[in-house]
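[1] my questions are about this predicted structure, shown below with the sequence.
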Amino acid sequence: MREKKLARKITYHTFVILFGIVMIYPVLWMISGSFKDNADILRGTLSLIPTKAKLDNYANGWRGFGGTTFATFFKNSLLITTIATFGTVLSSSLVAYSLSRIRFRGRKLWFTCMIATMMLPSQVIIIPQYLIYYRLGLVPGYVPLILPYFCGQPFFIYQMMQFMQGIPRELDEAAKIDGCSKYRIYSTIILPLLKPSIVTTVIIQFYWKWDDYMGPLLYLSRPASYTASIAIKLFADSASVTDYGAMFAMSTLSLVPVFLIFLFFNRYLVEGIGTSGLKG
Amino acid sequence: MFGGSSDKKTTGGKFIYREEVVGHVFALPFIFGFVCFSLIPIVLSLYYSFTDYSLGTKQAELIGFKNFINLFQDEVFGKSILKTLQYVLISVPCKLAFALLVAFLLTRKSKMVTLYRSLYYVPSLVGGSVAVALVWKQLFARKGLFNTVAKSLGLATINWFGDEKLAIYPLVLMAVWQFGSSMIIFAAGLKEIPSSYYEAADIDGLSGLQKFFYITLPCLSPIILYNLVMQTISAFMTFTQAFIITAGGPNNGTMLYALNVYNQAFKYNRMGYACAMSWVMLVVMSLITLAIFKSSKFWVFSESES
């Protein structure tokens, strides 16, 4: 009986691990591809081990396009992503506080609007948004890629509201009796206690924004202002033969920040996504 | 800072400390964003959809319903609707079923389970990136990894991106492959089901499959609804993958709706026409979301009812 149980256990774990490897195989293949030469990649072998490993791809890829290296592209990505993420945390926590803790007229209305925005397909408003920015003379530029993030992101507002429900109201009351205004309560009580939710927001927003392709595609036109996601696509667009090795090398590099976050904040990420769908 | 002194009624005191004012001050970022980046664009988009408008070359000129009439005579438009529906109707149910299956598989009490969940989340983590889209293109290329495997198994190789009927499937597969977030939400939901339900079922002698259909599924139904709505919306908006992997081809076989809108607006500079398409999309998606919610009455069980 015990042996049978053990056998079942081993089968289970082997199956789950093998299947997991199949799932992440494309990613592994890309990483190994960054060390292979073009011929090796195009042969379409299953093997993850290059016939002769080399780092040339990284050097070639890093050189970039038309004198702009990947140092610039990554710097641009980092700049946009950091500012947008900061904006998301700041604005979303403010809005979440007002919608969950302050009783004011219009609260219900704005809450409904927020939920509606969450379900609104963003592509429906992309064209008019573009036209507005264009009229304001902000295209091309970074403003359209950053400004909306300072206006609260519904997905995160909703998540923070859920989290705030777990913060005891007695704390607010006590602070109020001590003479704290709502502004003080937000900055000295709610914000510090909101930390786990903020960490989740930072992680998710960071990798969403880092991966964003359509935004930069629409709003950036000078190569020196390109983000990494746009620059990587340029490898495939080049008129001559595509340098797959270099493309995979830079693709791999572009995923490094995402993986690092995943490695260190895995728990927050899983919890954040898990709770967002519940209690709704 | 302490202008409120100790009065209990916040309606008194300085203007800036009144409950009404404080609420609006905190909500201001959203109110501003909602009006400027959602409300005004939607209204503008409706206006432009009745105009002939090209950026830089042609001022918006009202032409009545002409855009909408043209839409229904536009072959690419019809095809893009059919292809998008095909994409959504196949990818979303497969993705959710797969996510549920894996979540169910990973509910065992074992320390490894957390690790496994992370492993299975990796595709979702990187799937939206340009990098992975480019890898996908290579995997399904004529001499790509997929065909190599097929060949070694003695199967016929398939020219995925050369056939307009087949080209959509690598994209569908890619969507299903990114089942991670749905899986994690399902896993969190599975944890919430009281174990006493299963114990009662054991006493009644229910089989594993019966337990799944009579306990797990009904208990999870609100979460299935949430995932279904969210995944349907995001599937309708798929852009990056189609843009990078196939660019809509061959012969518009992967011309997903969002890509078609993008092309009309930014490739052909037909802003009015593209806005009309956006509005059709908004209406269609609202109807579909509404239909899902309406139907949920029949298949979603809430605790309060039973």
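    That came in fine, so what should we check first?

[2] the spatially closest residue to B:S91 that is not a sequence neighbour - how many residues pack around it?
    If the residues on either side of it in the chain are set aside, B:S91 comes closest to B:A175, at 4.0 Å by Cβ to Cβ, 6 or more residues apart in numbering or on different chains. For the C-beta atoms, the positions are set from N, CA and C on the backbone; glycine is no exception. Residues within reach of B:A175, counting by other Cβ atoms under 10 Å in any protein chain shown, total 22.

[3] B:A175: what secondary structure?
    Per DSSP: H, G, I helix; E, B strand; the rest coil, the local secondary structure of B:A175 is helix.

[4] quick one: contacts for it?
    The contact partners of B:A175, by Cβ atoms under 8 Å, 6 or more residues apart in numbering or on different chains, come to B:Y87, B:S91, B:V92, B:K95, B:A235, B:T238, B:Q241.

[5] which two of these have the greatest separation?
    Greatest spatial distance in the contacts of B:A175: B:V92 and B:Q241, 14.7 Å, computed using Cβ to Cβ.

[6] what's the local residue count around the residue in the stretch 101-250 of chain A that chain B sits nearest to?
    Closest residue of the stretch 101-250 of chain A to chain B, Cβ to the nearest Cβ: A:C151 (2.3 Å). Neighbour count for A:C151, taken as other Cβ under 10 Å: 22.

[7] now the strands: where do they sit in chain B?
    Listed in chain order, the strands of chain B (DSSP state E) span residues B:51-54, B:58-62.

[8] neighbouring strands of the last one in the sheet, and parallel or not?
    The one in question is strand B:58-62. Paired strands of strand B:58-62, with direction, are strand B:51-54 (antiparallel) (DSSP bridges).

[9] the partner strand: how far from the chain's middle?
    30 Å (Cα atoms, centre = their mean, to the nearest Å).

[10] so what touches that strand?
    B:58-63, B:66-67, B:269-273, B:275.

[11] low-confidence stretches in chain B?
    Applying pLDDT under 70 to chain B flags the ranges B:1-13, B:303-306.

[12] identify the residues contacting the residue in it positioned nearest to chain A.
    Going by Cβ to the nearest Cβ, chain A is nearest to B:G33 of chain B, at 2.3 Å. By Cβ under 8 Å, 6+ apart, B:G33 lies in contact with A:S91, A:P148, A:F150, A:C151, A:G152.

[13] recalculate using a threshold of 7 Å.
    A:P148, A:C151, A:G152 (Cβ atoms under 7 Å, 6 or more residues apart in numbering or on different chains).

[14] run a quick neighbour tally on residue 238.
    Defaulting to chain A. 11.

[15] looking at chain B here, not the other one
    For B:T238, using other Cβ under 10 Å, the count is 22.

[16] how about B:K143?
    Neighbours of B:K143 (other Cβ under 10 Å): 13.

[17] where does pLDDT dip in the stretch 151-280 of chain A?
    A:239-240, A:274-280.

[18] all helices for it, in order.
    With helices called from DSSP state H, counting those that start in this stretch, the stretch 151-280 of chain A shows them at A:154-164, A:169-177, A:182-184, A:191-193, A:195-211, A:214-219, A:228-237, A:244-276.

[19] can you point out the buried residues in the longest one?
    Using 16 or more other Cβ atoms under 10 Å in any protein chain shown as the test for burial, helix A:244-276 gives A:244-255, A:257-258, A:261-262, A:265-266, A:268-276.

[20] one more: the fourth one?
    Counting neighbours by 16+ other Cβ under 10 Å, one finds that the buried residues in helix A:191-193 are A:L191, A:L193.

[21] so does it get close to chain B?
    No - judged by Cβ under 7 Å from any Cβ of the partner chain, helix A:191-193 stays clear of chain B, getting no closer than 12.0 Å.

[22] before we move on, back to that, among the contacts of B:A175, which lie within helices?
    B:Y87, B:S91, B:V92, B:K95, B:A235, B:Q241 (DSSP state H).

[23] and which of those residues is nearest B:L171?
    B:Q241 (5.6 Å).
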